[in-house]
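Colleague: Here you go, sequence then predicted model.
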Amino acid sequence: QVQLVESGGGLVQPGGSLRLSCVASGSMWRINDMRWYRQAPGKQREWVARITRDGSTDHLDSVAGRFTISRDNAKNTVYLQMNSLKPEDTAVYYCNAEIRESLEDYYGTNYWGKGTLVTVSS
């Protein structure tokens, strides 16, 4: 059973920084793309950033230059460094990963964490 567990959320003042982490554990052969999503109160979940296994990244336009996604394949971990935080960044942040559980599991399965709350407020 594969699990994704996020950590690092909390309350921060506008302009502050936080670093989110997400660790994947369980029966895994390979982790392909890893992503961060967020869901603000009363809004739909939105994609924030993506990183491929070889380290190529994409970021939502509204966070580009402020947020940086990275990963450590040896630790099965993805990070989201968030700088210059704004009140509109307040949301539950979710980790998502495409995980192959064996060589034969060619397409893999999409797994989600339970989320970590980020609140940006003075």
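Modeller: Cool, got the structure. Treat the numbers as computed from the prediction; the structure is a model and nothing was measured. Residues are numbered from 1 along each chain as shown.

Colleague: what's the residue closest to the geometric middle of the protein?
Modeller: Trp36 (2.9 Å; Cα atoms, centre = their mean).

Colleague: which residues sit in contact with it?
Modeller: Leu20, Cys22, Trp47, Val48, Ala49, Ile69, Val78, Leu80, Tyr93, Tyr94, Cys95, Asn96 (Cβ atoms under 8 Å, 6 or more residues apart in numbering). C-beta: built from backbone N, CA, C; applies to glycine.

Colleague: Give me the number of neighbouring residues for the fourth one.
Modeller: A count of nearby residues for Val48, using other Cβ atoms under 10 Å, gives 24.

Colleague: tell me which residues of the helix or strand that contains it are tucked away?
Modeller: Using DSSP states H and E, Val48 sits within strand 46-51. For strand 46-51, a neighbour-count test (16 or more other Cβ atoms under 10 Å) marks Val48, Ala49, Arg50, Ile51 as buried.

Colleague: same deal with stretch 79-99?
Modeller: In stretch 79-99, counting by 16+ other Cβ under 10 Å, buried: 79-80, 82, 85, 89-99.

Colleague: nearest to Asn32, of those?
Modeller: Glu98 (4.1 Å; Cβ to Cβ).

Colleague: quick one: pLDDT of the closest residue in space to the closest one that isn't next to it in sequence?
Modeller: Once flanking residues are discounted, Glu98 sits nearest to Asn32: 4.1 Å by Cβ to Cβ, 6 or more residues apart in numbering. In this model, Asn32 is scored at 95, pLDDT.

Colleague: Report the contact partners of Asn32.
Modeller: Thr52, Arg53, Ala97, Glu98, Ile99, Arg100, Gly108.

Colleague: Cool, thanks, talk later.
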